[in-house]
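Participant: structure, please.
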Amino acid sequence: MNTQMLEILRNFGTINSNLVFREGNVVRTVSDAKNVMAKATADQPMPKEFGIYDVNELMNAMSLIEGASVSYEDTHLLIKGENSSIKYFYSDVEMLTSAPDKDIIMPPCEVGFTLTESVLSGLRKASQALGHKTLLIEGDDGGKVKLSIVDVKNPSSNAYSVSVSGNFGSVQDTARLSINIDNLKLVSGDYQVEVSSKLISKFTNTSKPFEYWIALEKN
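Facilitator: Residues are numbered from 1 along each chain as shown. Sure thing, here's the model as predicted:
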């Protein structure tokens with residue numbers, strides 16, 4: 001497996017420990033709660049369909065053999081080094097949580113903005129410092145999009161806000177546009193974000209072939 005595939009495994013393992021590989025270049029995963037779906041287009045195609053029960057365990061196994069090569073056998077991955085090897089057996093695809101084979105079709109999106117890696121890092125740090133999990137998406141007075149870490153159940157609680165480039169269209173109930181920041185299990189990089197009042201958002205990495213569809217909270 002090349003460096004890009006290892007990045008896919010590392011990131012997708014934070015969304016769901018199960019992972020089903022289909023033949024070809026596209027890798028998809030979905031959380032157990034079905035509120036986060038991710039897709040990556042790999043430059044190294046998979047030669048066959050197979051399932052992995054625990055992605056993090058696979059990563060740990062691969063770390064045991066430095067500079068390992070991986071071959072795709074009938075019943076297992078063969079992880080091979082110069083003097084050592086690991087047989088890592090596939091899991092039954094039917095027993096795993098597998099993502100749909102098709103992308104989610106986004107409804108019309110009223111909000112769009114750019115989310116840089118540094119801004120997301122600041123939002124995560126604010127969430128930890130304040131103890132709040134809600135990322136609220138609003139329009140600000142300057143025509144930008146305001147992202148805030150808040151406690152939606154307590155309007156008088158401490159809050160952190162940052163304005164980013166984007167557009168905020170006509171949304172009747174802005175309180176509906178919020179995301180649990182713990183669901184932003186994104187690979188590193190900057191993102192173009194689309195948000196719909198139909199309680200769905202899409203995050204597209206601007207430099208890597210990763211896309212995420214994340215459900216909004218029902219406040």
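Participant: which SS state does I137 fall under?
Facilitator: Under the three-state scheme (DSSP: H, G, I helix; E, B strand; the rest coil), I137 adopts strand.
Participant: from E138, how far off is the closest residue to L115 other than its chain neighbours?
Facilitator: Spatially, and ignoring its direct neighbours in sequence, L115 is nearest to Y191 (4.5 Å; C-beta to C-beta, 6 or more residues apart in numbering). (Glycine included, C-beta is placed from N, CA and C.) Look at Y191 and E138: by C-beta to C-beta, to the nearest Å, they are 18 Å apart.
Participant: please say which of the two ends up with more neighbours.
Facilitator: Set side by side, Y191 and E138 show more neighbours around Y191, with 24 against 18, by other C-beta atoms under 10 Å.
Participant: specify the beta-bridge partners of the more buried one.
Facilitator: Note on Y191: beta-bridge partners L115, N205, judged by DSSP bridges.
Participant: I'd like the distance between it and K208.
Facilitator: For Y191, the distance to K208 - C-beta to C-beta - is 10 Å.
Participant: what are the contacting residues of stretch 64-81?
Facilitator: Residues outside stretch 64-81 that contact it (C-beta atoms under 8 Å, 6 or more residues apart in numbering): 1, 46-48, 50, 58, 61-62, 82, 84-90.
Participant: and the end-to-end length of it?
Facilitator: 9 Å (C-alpha to C-alpha, to the nearest Å).
Participant: got it, and stretch 161-169?
Facilitator: Start-to-end, stretch 161-169 (C-alpha to C-alpha) is 19 Å.
Participant: list the buried residues of that stretch.
Facilitator: Across stretch 161-169, burial judged by 16 or more other C-beta atoms under 10 Å covers 162-164, 166, 168.
Participant: out of the residues you listed, which one has the weakest pLDDT?
Facilitator: Minimum pLDDT for the buried residues of stretch 161-169 is recorded at F168 (90).
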